[in-house]
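Turn this into a structure:
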Amino acid sequence: MTREWIRQRKRDPYYRKAKAEGYRSRATYKLKQIDSRVRLLKKGGRVLDLGASPGGWSQYAAERVGPGGLVVAVDLIPMDRIEGVTFIQGDISEKDTRERVKEISKEFDLIISDISPSLSGNRTLDRGRSLALAWEVMSFSGEVLRKGGNVVVKMFQGNEVDELKEGFASGFRRVDNIKPKSSLKRSIEMYLVFRGFEPSTEG
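Model (predicted):
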């Protein structure tokens, strides 16, 4: 973390806004902007936040679903307690972690993921790692997403986006590409929003 990075961050309007409004990260506004566009979070909803730490998305989700809702947050990295959020420390690719989630709720209305891989500086490698993480999110979504439910998952722009769409779009009524205004202009991140889950009737 360089001094220049710190200076840029302090000048960033969303960083300052997050500090002023009590959010743990500027990333909160990415979810806010996605939600304002496609209206995914509702009072009483059940939300699963994958890759949640430090908790900006979980904070906003808990506000939106209210005390009658449920927010379960999962991450390998520890996360300080958030009112209205149940945290599980674990790897979502592991069966044990998935079972711990299911013990809390077997179905969710919305799954959100802002997971990003450790960046290598090699864009091809980083896009591949991003795809692998997004694939894990979508795979688990098939196990716990209710019929009609929705998923928001981070991706890095490239052919990998089409690959993820092709792998999972048939199970949803609609898929949108969204790059929130709060995403840094230089960032290659974007979000796929899968809406209207239709569970497979095979088997």
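
List the residues that contact residue 17.
23, 26, 29 (C-beta atoms under 8 Å, 6 or more residues apart in numbering). Using the backbone N, CA and C atoms, a C-beta is placed for each residue, glycine as well.

Pull up the per-residue confidence for the nearest residue to the first one once chain neighbours are set aside.
Nearest-residue entry for residue 23: residue 56, 5.2 Å, with adjacent residues in sequence omitted and distances by C-beta to C-beta, 6 or more residues apart in numbering. Each residue has a pLDDT score; the one for residue 56 is 96.

What of residue 3?
58.

gap between the residue positioned nearest the centre of the chain and residue 67?
For the chain, residue 113 is the residue whose C-alpha lies nearest the centre (C-alpha atoms, centre = their mean; 1.6 Å). Going from residue 113 to residue 67 by C-beta to C-beta, to the nearest Å gives 24 Å.

next one: residue 75
Taking C-beta to C-beta, one finds residue 75 at 23 Å from residue 67.

and what of residue 163?
As judged by C-beta to C-beta, residue 163 and residue 67 stand 40 Å apart.

which SS state does residue 192 fall under?
strand (DSSP: H, G, I helix; E, B strand; the rest coil).

what sits against it?
134, 151-153, 155, 161, 164-165, 175-178.

Let's see that with 6 Å instead.
153, 155 (C-beta atoms under 6 Å, 6 or more residues apart in numbering).

and residue 147, that's in a strand?
Yes: per three-state DSSP, residue 147 lies within a strand segment.

what's the burial count for it?
Residue 147 has 9 neighbouring residues, counting by other C-beta atoms under 10 Å.

Next: the one 3 residues further on.
As a burial measure, the neighbour count of residue 150 was computed by other C-beta under 10 Å and equals 25.

Am I right that residue 163 is in a strand?
No: Residue 163: not assigned to a strand; according to three-state DSSP it is helix.

Ends of stretch 110-125, what's the gap?
29 Å (C-alpha to C-alpha, to the nearest Å).

List the neighbours of it that are in contact with it.
27, 40, 47-51, 57, 126, 129-130, 133, 137, 141, 145, 150-154.

what mean pLDDT does that stretch have?
89.
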